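Peer 1: give the three-dimensional model of this entry:
(one chain, ligands or ions: 1)
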Amino acid sequence: MRKPFIAGNWKMYKLTKEAIQLVNGIKSGISDVNGVDVAVCPPYTSLSVISEAIKSSKIMLGAQNVHWETKGAFTGEVSPQMLLDIGCTLVIIGHSERRTYFGETDETINKKIKSVLLVGLNPIFCVGETLSEREKGITEEIIKRQITEGLKDIKLESMSKITIAYEPVWAIGTGKTATPKQANDVHIFIRGIIKQLYGNEIAQNVRIQYGGSVKSENIAELMKESDIDGALVGGASLEADTFIKLIKNSVTHGV
Ligand code: PEP
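Peer 2: Numbers count the residues shown, from 1 in each chain. Take a look at the predicted model:
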């Protein structure tokens, strides 16, 4: 049985004061909610204050990016150890905005996943096709390549640390959500690839989040699907009330 997992990706939003307010709101709003893992992924500048604010709560802390090197002359970059040091347990890797605007490739994403696993961080590994790829009918080909290349040389023992996030690029921040069936079909496909690579037990245990305009109003329908185990949430994670409602609806009406 896979435990639902909801993570908020705050992207480049929230100054430190706003970030503390937001996380405090979420903390009190979900104190009585059980049966779901919850994480927030603020910008680097708020990681430290949020790390303090969530002590003694069940909210987990994630970063939105990382460099693969442990240290060195890499101006502007942050290492896995630095994230660990500040209290992160998670890190988003390969978000489509990083692939599109910052030139991330399957190869650099693979380096990042390997590097964070070495220090004990848990990657949320994002994959997803663009609108034109979906229209050309090559969604599965793209997803297969992203998964296979991203997980290249990752050992079976590490798979329990990895969450996969399926985020169709055309649904991120656009208000267009994939239908629950459209999303679930790709989740089933991803689980099939994991089965080929690592066997059935690992495939059945790996959590696959859906991401792309998830809101409190559509999470329950998505969670009813067989292979959707939670969500990576952008816009709807930026206000405490909407994120709390979404988290509650992910367990109240889910399977
Ligand atoms: C995201 O940032 O990963 C995302 C899915 O954004 P949104 O929920 O705003 O579409």
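
Peer 1: what residue in the stretch 1-150 of the chain comes nearest to the ligand?
Peer 2: Per Cβ to the nearest ligand atom, Asn9 is where the stretch 1-150 of the chain lies closest to the ligand, at 4.2 Å. For the C-beta atoms, the positions are set from N, CA and C on the backbone; glycine is no exception.

Peer 1: again, but for the stretch 151-255 of the chain
Peer 2: For the stretch 151-255 of the chain, Cβ to the nearest ligand atom, closest residue to the ligand: Gly234, 2.2 Å.

Peer 1: confidence score at that residue?
Peer 2: On the pLDDT scale, Gly234 is placed at 97.

Peer 1: what's near enough to touch it?
Peer 2: Residues in contact with Gly234 (Cβ atoms under 8 Å, 6 or more residues apart in numbering) are Gly8, Asn9, Lys11, Ile172, Gly173, Gly211.

Peer 1: please list only the buried members of those residues.
Peer 2: Listed as buried from these are Gly8, Asn9, Lys11, Ile172, Gly211; burial here means 16 or more other Cβ atoms under 10 Å.

Peer 1: is the residue of the stretch 1-150 of the chain closest to the ligand bridged to anything, and to what?
Peer 2: Cys41 (DSSP bridges).

Peer 1: in contact with it, which residues are there?
Peer 2: Cys41, Gln64, Ile92, His95, Gly211, Leu232, Val233, Gly234, Ser237.

Peer 1: what confidence value was assigned to the fourth one?
Peer 2: Predicted confidence (pLDDT) for His95: 98.

Peer 1: relative to Lys71, how far out is it?
Peer 2: Remark: distance between His95 and Lys71 (Cβ to Cβ, to the nearest Å) = 24 Å.

Peer 1: more neighbours, those two?
Peer 2: Under the criterion of other Cβ atoms under 10 Å, the comparison of His95 against Lys71 puts His95 first, with 27 against 10.

Peer 1: the nearest residue to that one once chain neighbours are set aside pairs with what?
Peer 2: Nearest non-adjacent residue to His95, counting by Cβ to Cβ, 6 or more residues apart in numbering: Cys126, 4.9 Å away. For Cys126, the beta-bridge partners are Ala165 (DSSP bridges).

Peer 1: pretty sure Cys126 is in contact with Ile93, am I right?
Peer 2: Yes. Using Cβ atoms under 8 Å, Cys126 is in contact with Ile93, at 6.9 Å.

Peer 1: so Asn205 makes contact with Lys161?
Peer 2: No. The criterion here is Cβ under 8 Å, and Asn205 misses it with Lys161 at 11.2 Å.

Peer 1: neighbour count: the two, which is higher?
Peer 2: Lys161 (16 against 13).

Peer 1: got phi/psi on that one?
Peer 2: Main-chain dihedrals, Lys161, degrees, to the nearest 10: phi -90, psi -10.

Peer 1: next, count neighbours for the closest residue to it other than its chain neighbours.
Peer 2: Spatial nearest neighbour of Lys161, excluding adjacent residues (Cβ to Cβ, 6+ apart): Asn122 at 4.7 Å. For Asn122, the number of neighbouring residues by other Cβ under 10 Å comes to 19.
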